[in-house]
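**Q** sequence and predicted model, in that order:
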Amino acid sequence: MAKPSRYNVSDEDAGVESGILKNKLGITVRTELEDTETVLLVDTYEHFFSLLEKSRLAFDTSLLLQIHREFLETLYDWAAKKLGVIHNEFNAVHPFREGNGRTIRLFLDLLAVSVGYATIDYGRSTDDYIAACAAGMNGDDTPMTHLIEKGLKYEKKTD
């Protein structure tokens with residue numbers, strides 16, 4: 001039998017309680033949760049098609065994160081969790097001889113700013129960052145996720 005992939009998310013990891021994803025609104029009835037997701041998705045469609053009509057969309061990686069955030073941020077507390085995984089995955093691939101960490105941090109800063117956050121504050125302790133990188137190489141994204149969540153601040157922008 002095949003070993004579970006690190007890309008599969010268990011019910012426990014996803015916050016499933018009694019068959020319902022744990023959510024910010026405290027919804028415990030599946031149909032209510034599905035209805036709420038539908039309303040949020042319709043709103044998200046309207047928002048992004050409006051941007052498309054105004055030629056204000058760049059089709060890049062950040063767009064996918066923007067869509068996901070616009071769609072589900074109100075309902076689920078998953079905002080910064082994927083950045084830790086992204087960091088660790090790039091670090092594992094180690095595409096460059098030198099500068100991988102700095103390149104990854106700049107990339108994530110650009111990604112964060114593109115969806116309304118400030119640049120990520122990784123803290124003053126290099127030891128904490130290195131320990132989080134080492135944990136990521138061992139398949140544990142939690143320390144990097146926590147480090148990034150702690151350093152990620154939303155910046156409301158006005159046009």
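**A** Thanks, I have it.
**Q** show me the chain divided up by domain.
**A** For the chain, automatic domain parsing gives the domain ranges 15-72, 81-151.
**Q** how about those domains in TSV, adding mean neighbour count?
**A** Yep, even glycine has a C-beta here, placed from its N, CA and C like the rest. TSV is the format used below for the domains of the chain (neighbours: other Cβ atoms under 10 Å):
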stretch	mean neighbour count
domain 15-72	13
domain 81-151	16
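**Q** which helix or strand contains Asn88?
**A** Following DSSP states H and E, one finds Asn88 within helix 81-93.
**Q** quick one: list the elements packing against that helix.
**A** Where contact means 3 or more Cβ pairs under 8 Å, 6 or more residues apart in numbering; DSSP states H and E, helix 81-93 is packed against helix 100-114, helix 126-137, helix 142-151.
**Q** dump the C-alpha coordinates for that helix into CSV.
**A** The C-alpha coordinates for helix 81-93 follow below in CSV (Å, rounded to 0.1, in the frame of the first residue of the first chain):
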residue,chain,number,x,y,z
LYS,A,81,-0.5,28.7,6.4
LYS,A,82,0.5,28.0,2.8
LEU,A,83,3.4,30.5,2.8
GLY,A,84,5.4,28.3,5.2
VAL,A,85,4.8,25.3,2.9
ILE,A,86,5.8,27.3,-0.1
HIS,A,87,9.0,28.5,1.6
ASN,A,88,9.9,25.0,2.6
GLU,A,89,9.2,23.5,-0.8
PHE,A,90,11.4,26.0,-2.5
ASN,A,91,14.1,25.5,0.1
ALA,A,92,13.9,21.7,-0.5
VAL,A,93,14.3,22.1,-4.2
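**Q** where does this structure have its least confident helix or strand?
**A** None of the helices or strands of the chain scores lower by mean pLDDT, DSSP states H and E than helix 11-14, at a mean of 62.
**Q** related to what we said a few turns ago, what's in contact with the helix holding Asn88?
**A** 65, 100-101, 103-105, 107-108, 111-112, 120, 132-133, 136-137, 141-149, 152 (Cβ atoms under 8 Å, 6 or more residues apart in numbering).
**Q** mind redoing it with 6 Å?
**A** 104, 108, 133, 136, 141, 144-145, 148 (Cβ atoms under 6 Å, 6 or more residues apart in numbering).
**Q** could you dump these into a markdown table with distance to Val85 and pLDDT added?
**A** Shown next, in a markdown table, are the contacts of helix 81-93 (distance: Cβ to Cβ, whole Å; pLDDT from 0 to 100):
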| residue | distance to Val85 | pLDDT |
| --- | --- | --- |
| Ile104 | 12 | 88 |
| Leu108 | 11 | 86 |
| Cys133 | 13 | 92 |
| Gly136 | 8 | 91 |
| Asp141 | 5 | 91 |
| Met144 | 8 | 94 |
| Thr145 | 7 | 91 |
| Ile148 | 10 | 92 |
